[in-house]
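Enquirer: How does the following fold in three dimensions:
(2 chains)
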Amino acid sequence: MSKMTLEELRKLREAKKQEAAQRDTEGKDTLVIVGMGTCGIAAGAKDVVDALLDELKKVGNENVIIRQAGCMGLCHVEPTVEVRSPGIPNTIYGNVDGEVARKIVRQHIMDGRLVNKHVYDKPAADIIEQ
Amino acid sequence: MHYTLCDCVMDLIQNSVEAGSSLIQLNMKQSADSLDVSIRDNGCGMTDDELKRATDPFYSDGVKHKHRKVGLGLPFLIQTVTMTDGRFDIRSEKGRGTEIDIRFNPVHIDTPPLGDPVALLYQVMCFQGDYDLTAVRSLSKGTEEQSYQVNRKEMLDVLGDLESAASLGLLRDYINSQEEDLLS
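Expert: Numbers count the residues shown, from 1 in each chain, chains lettered A, B, ... in the order given. Model (predicted):
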């Protein structure tokens, strides 16, 4: 890849926007939150974000919002990924690696089926607001 | 300790964002025998006493997690540099911000690998919050030094947002092209 200029980047973004507008926008209300505290980083959250981006591009659903948060309080099962998708209860996944992240995209976001083995119901008790 | 040096830096920037900084400057200067990292933020800062406690792995301010007894961000950094003949200096002023200067020693056998600077740089741009961040990555090759710079506000302006998978993917491609050019 040759060195990209800001102008080229701007044009690519415009093209993506038009492409997205023309396509079926299923999943555009989906929000994915990745825990990026010390615990998440130590457990490999960076690779998880990378894998999510790769897979979302592959399945052609780049409208999904990805947010990086700090520690979600589930340090023992980091990396953690929370998925908020219309029609499915908000779900927190734990022990997520690149492969599980790709599964979350294909199975949960695209197909509406939970990745059962990695579901952790809700944040740890110490960060739930009373 | 963290698996890579980039993970260590990522953790420190996350601290800066969480400290409510509106301005963060990250410099990474790499040569064959050193990696100098400096971070400047204008976040909430710490008193001398808080700073001393922040370096203790068995201390956390308890604000975020009431019952948590550990805080490992800075201790991971200190552990990494002290066991590999690196150096670090952290200065902080309550209400003004924090400055960190680190010299990692890539020559030491126990120094973790550099890791992935591209992932580091695009991901530090994407934390939640209204902050500006300028990252400068430079590489010395013999007597010559080359560098590139990424600025968060500029990226927001060009991409429109820094949270859709489409924007993040393009941001990654952009930084990757700068990195490839730097390494070539």
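
Enquirer: residues contacting the residue of chain B found nearest chain A?
Expert: Of all residues in chain B, the one sitting closest to chain A is residue B:166 (3.6 Å; C-beta to the nearest C-beta). For glycine as for every other residue, the C-beta is placed from the backbone atoms N, C-alpha and C. Residue B:166 is in contact with A:13, A:16-17, A:20, A:62-63, counting by C-beta atoms under 8 Å, 6 or more residues apart in numbering or on different chains.

Enquirer: That one should be in a helix, yeah?
Expert: Yes: counting by DSSP: H, G, I helix; E, B strand; the rest coil, residue B:166 falls inside a helix.

Enquirer: What residues does residue B:135 make contact with?
Expert: By C-beta under 8 Å, 6+ apart, the neighbours of residue B:135 are B:26-28, B:121, B:124-125, B:149-151.

Enquirer: same thing but 7 Å
Expert: Taking C-beta atoms under 7 Å, 6 or more residues apart in numbering or on different chains as the criterion, residue B:135 is in contact with B:26, B:121, B:124, B:149-150.

Enquirer: and which of the contacts of residue B:166 is nearest chain B?
Expert: residue A:62 (3.6 Å).

Enquirer: what helix or strand does the closest one sit in?
Expert: Counting by DSSP states H and E, no helix or strand carries residue A:62.

Enquirer: if I look at the residue nearest the centre of chain A, how far off is chain B?
Expert: The centre of chain A sits closest to residue A:32, judged by C-alpha atoms, centre = their mean, with a distance of 3.9 Å. Residue A:32 sits 8 Å away from chain B, going by C-beta to the nearest C-beta, to the nearest Å.

Enquirer: my guess is residue A:38 meets residue B:11, correct?
Expert: Yes: counting by C-beta atoms under 7 Å, residue A:38 touches residue B:11, with 5.3 Å between them.

Enquirer: Please say which of those two ends up with more neighbours.
Expert: residue A:38 (26 against 22; other C-beta atoms under 10 Å in any protein chain shown).

Enquirer: any idea how far that one lies from residue B:3?
Expert: From residue A:38 across to residue B:3, the span is 12 Å (C-beta to C-beta, to the nearest Å).

Enquirer: tell me what the lengthiest helix in chain A is packed against?
Expert: If you go by DSSP state H, chain A has its longest helix at helix A:6-22. Helix A:6-22 is packed against helix B:152-159, helix B:165-183, with contacts defined by 3 or more C-beta pairs under 7 Å, 6 or more residues apart in numbering or on different chains; DSSP states H and E.

Enquirer: picking that back up, ok so the residue nearest to the centre of chain A is a helix residue?
Expert: No: counting by three-state DSSP, residue A:32 is not part of a helix but strand.

Enquirer: how much space between it and residue B:20?
Expert: Taking C-beta to C-beta, one finds residue A:32 at 24 Å from residue B:20.

Enquirer: Check residue B:137 too.
Expert: 25 Å.

Enquirer: Which one of the two is surrounded by more residues?
Expert: Using other C-beta under 10 Å, the more surrounded residue of residue B:137 and residue B:20 is residue B:137, with 22 against 15.

Enquirer: Dump the helix or strand in which that one is found to PDB, restricted to CA.
Expert: Taking DSSP H and E as the criterion, residue B:137 maps to strand B:132-141. The C-alpha coordinates for strand B:132-141 follow below in PDB (Å, rounded to 0.1, in the frame of the first residue of the first chain):
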ATOM      1  CA  ASP B 132      -7.600  15.600  21.200                       C
ATOM      2  CA  LEU B 133      -4.600  13.400  20.800                       C
ATOM      3  CA  THR B 134      -1.500  13.900  18.700                       C
ATOM      4  CA  ALA B 135       0.700  10.900  18.200                       C
ATOM      5  CA  VAL B 136       4.100  11.200  16.600                       C
ATOM      6  CA  ARG B 137       5.900   8.000  15.700                       C
ATOM      7  CA  SER B 138       9.500   8.400  14.600                       C
ATOM      8  CA  LEU B 139      12.200   5.900  13.600                       C
ATOM      9  CA  SER B 140      15.900   6.500  13.400                       C
ATOM     10  CA  LYS B 141      17.800   4.700  10.700                       C
END
